[in-house]
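Student: Turn this into a structure:
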Amino acid sequence: MIFIPVIGTGGTAIVSYFRFFSIQEVILNTIIAAGLCIVAEMPLKRLTIDSKGVIYFVYSYLSGLLLAVLSGFCYEFILPLAAPAVLIGILGGTPAGSSALLLFTGISTLVLYESGLYFFMMFLIGYILLMFYTLDREVSLLSAVFTSLAVGVPAFYACSLLSKARLAPENIVFPLVGLLLDFIVILIMRPKIYVNVIDRRENFINSILDPEYELLQKLKKDNRKEYEKMIHSVHIASILMERMGLKRLKLLGIGYYCRIGVLRGENSNIAEKSLALIHERDFPKDITDGILEYYGLGSTRHSRESGTLLIVNSLISMIYDFKHRHKGKKADYNIMITSVMKRITGEKSILQSDLSLNDINVISETLRKQAFYYDFIL
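Tutor: Sure, this is the predicted structure:
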């Protein structure tokens, strides 16, 4: 996100200059702010947020950056820098929220020309709020207030005494005002984010991972064979998901949609057609990435999920094709599993994948235990 380094470094430089810092101090502040921006952007590279969530995310980041920069002209502690970081954490996860909090408090410390005590206290209180609101959706406001005060106030006074800082009335009032503003912003915006982004995304994910989803029902109607193979693969993959701790969205997303491109006709360029269909419906990035990995497209290597589906789909296809060619003939599933495991795990892409030797052993063992299920594949 280009606006992060632009506002972060540019704003720090401009405010530092107008705060009558020397040229050397302005340059140093700008360099430090640039480093903080680089750290803040690291967790954002693999961020998966839908279009509605991006709007809230950008607004939260812009608000945090502007408040951090403008804090150079305000009293210390009084601006709610923790609130935007908490909202970012709710939207993008704890790493994104923590790095944003580090950026906001770091820039505020620079432009205020404050000591490490200010940075420590701003980050500590913000991090407490971040942990509360990102790890537990049902956390009560009273619990967050009590814990923030119970930890923040003693830490503030202890650090003040150790650093021999002057405790004027404003040093007591302003932190409480800033904390109150943080709670007000979070109290207003958090329910909106959950309703408009989090819950909406979860409902969408649940709908596309349901065999009754309209795209999958169209596959059932237009290509019964592909639909049946897909259902069998997803069933086996779900068992492996429980045993291996695989990511549900990515694993089942690959299982359901890696060959959805057959709806576009002809059994060629399936990967491109499948990706085109899911892009049209704005599917989560995890599914898109998984299908790219599954087909070996781009520079990404196989994850545990795509590698697992590659093995499962190969076995189901082999069993399905055998039963349709040799109706009534008993299949030796162990030989089939051995053949698939030897062929797939010998491929360079799997050897360099995230699948460990233990993962491969678990997959092989689990597949052999499903012999009774294979008998029902028609």
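
Student: By mean pLDDT, point me to the weakest helix or strand of the protein.
Tutor: For the chain, counting by mean pLDDT, DSSP states H and E, helix 141-162 ranks last in confidence among helices and strands (a mean of 68).

Student: Okay, buried residues for the helix or strand just after that helix please.
Tutor: As assigned by DSSP states H and E, the chain's next helix or strand after helix 141-162 is helix 169-193. Judged by neighbour count (16 or more other CB atoms under 10 Å), helix 169-193 contains these buried residues: 171, 174-175, 178-179, 181-183, 185-186, 189-190, 193. (C-beta placed from N, C-alpha, C; glycine too.)

Student: Could you do stretch 310-327 as well?
Tutor: In stretch 310-327, counting by 16+ other CB under 10 Å, buried: Leu310, Ile311, Val312, Asn313, Ser314, Leu315, Ile316, Met318, Ile319, Tyr320, Phe322, Lys323.

Student: Serialize those residues to TSV and add fields for pLDDT and secondary structure.
Tutor: Output for these, formatted as TSV (pLDDT from 0 to 100; DSSP: H, G, I helix; E, B strand; the rest coil):
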residue	pLDDT	secondary structure
Leu310	92	helix
Ile311	93	helix
Val312	93	helix
Asn313	92	helix
Ser314	92	helix
Leu315	92	helix
Ile316	91	helix
Met318	91	helix
Ile319	89	helix
Tyr320	86	helix
Phe322	86	helix
Lys323	79	helix
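
Student: Now tabulate these in JSON lines and tack on distance to Lys330.
Tutor: Formatted as JSON lines, those follow (distance: CB to CB, whole Å):
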{"residue": "Leu310", "distance to Lys330": "27"}
{"residue": "Ile311", "distance to Lys330": "23"}
{"residue": "Val312", "distance to Lys330": "22"}
{"residue": "Asn313", "distance to Lys330": "23"}
{"residue": "Ser314", "distance to Lys330": "21"}
{"residue": "Leu315", "distance to Lys330": "17"}
{"residue": "Ile316", "distance to Lys330": "18"}
{"residue": "Met318", "distance to Lys330": "15"}
{"residue": "Ile319", "distance to Lys330": "12"}
{"residue": "Tyr320", "distance to Lys330": "15"}
{"residue": "Phe322", "distance to Lys330": "10"}
{"residue": "Lys323", "distance to Lys330": "10"}
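
Student: which of those residues lies closest to Val362?
Tutor: Ile311 (11.1 Å; CB to CB).

Student: Give me the three-state assignment for the nearest residue to that closest one once chain neighbours are set aside.
Tutor: Among residues not flanking Ile311 along the chain, Ile344 sits closest, at 5.0 Å (CB to CB, 6 or more residues apart in numbering). Using DSSP: H, G, I helix; E, B strand; the rest coil, the structure places Ile344 in helix.

Student: how about Ile344, what does it touch?
Tutor: The contact partners of Ile344, by CB atoms under 8 Å, 6 or more residues apart in numbering, come to Leu310, Ile311, Ser314, Ile350.
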